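Peer 1: generate a structure from the sequence data that follows.
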Amino acid sequence: MQERQINPVQGIYAATPDYIHALEVTGARRWLFVSGTMGLAEDGTAPPELSTQLDLVWSNIRRILKEVEMSVDNIVQVTSYLRDAAYVAENQEARVHALGQRRLPTTAIIVETLSEDWKVEIEVIAAG
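Peer 2: Alright, predicted model coming up:
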């Protein structure tokens with residue numbers, strides 16, 4: 001599988017250091033579309049702190065990826081659904097920490113989640 005970052009420099013606003021405009025993927029044999037994943041503990045409870053929910057979201061995503069012998073290195077797109085706009089910076093920090101040096105197309109959307117306890121939900125697309 002080959003990846004090529006797409007970041008035009010003219011006629012469009014600049015990408016920021018933590019994301020890219022697009023990622024071209026060629027030669028992938030497998031695609032994994034991960035449902036919105038919440039920051040819930042194994043017993044289904046949501047801890048009250050955003051930071052703990054973000055840790056759990058990324059742990060849960062890594063567990064799903066592991067099931068198909070993938071890792072965060074296979075993620076090609078991230079969409080975050082945040083209950084409050086005040087969560088944007090902490091979500092960004094958690095994503096950058098979880099992905100290391102990988103820069104991907106990413107979108108954050110402010111939404112009302114199904115439960116007030118759920119502060120964040122993240123869906124990813126992975127390729128291998």
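Peer 1: ok, Leu50 touching Arg83?
Peer 2: No. Counting by CB atoms under 8 Å, Leu50 sits too far from Arg83 to count as a contact (9.0 Å). C-beta here means a position set from N, CA and C on the backbone, and glycine is covered the same way.
Peer 1: which residues are common contacts for those two?
Peer 2: Common contacts of Leu50 and Arg83 (CB atoms under 8 Å, 6 or more residues apart in numbering): Lys119, Val120.
Peer 1: isn't Lys119 up against Leu82?
Peer 2: Yes. Using CB under 8 Å, Lys119 is in contact with Leu82, at 7.2 Å.
Peer 1: quick check: Glu3 vs Leu32, distance?
Peer 2: With distances taken as CB to CB, to the nearest Å, Glu3 is found 15 Å from Leu32.
Peer 1: which one's the longest helix in the protein?
Peer 2: Secondary structure of the chain per DSSP state H: the longest helix is helix 50-67.
Peer 1: contacting residues around that one?
Peer 2: 32, 34, 37-41, 46-47, 71-72, 74-75, 87, 90-91, 94, 98, 118-122, 124, 126.
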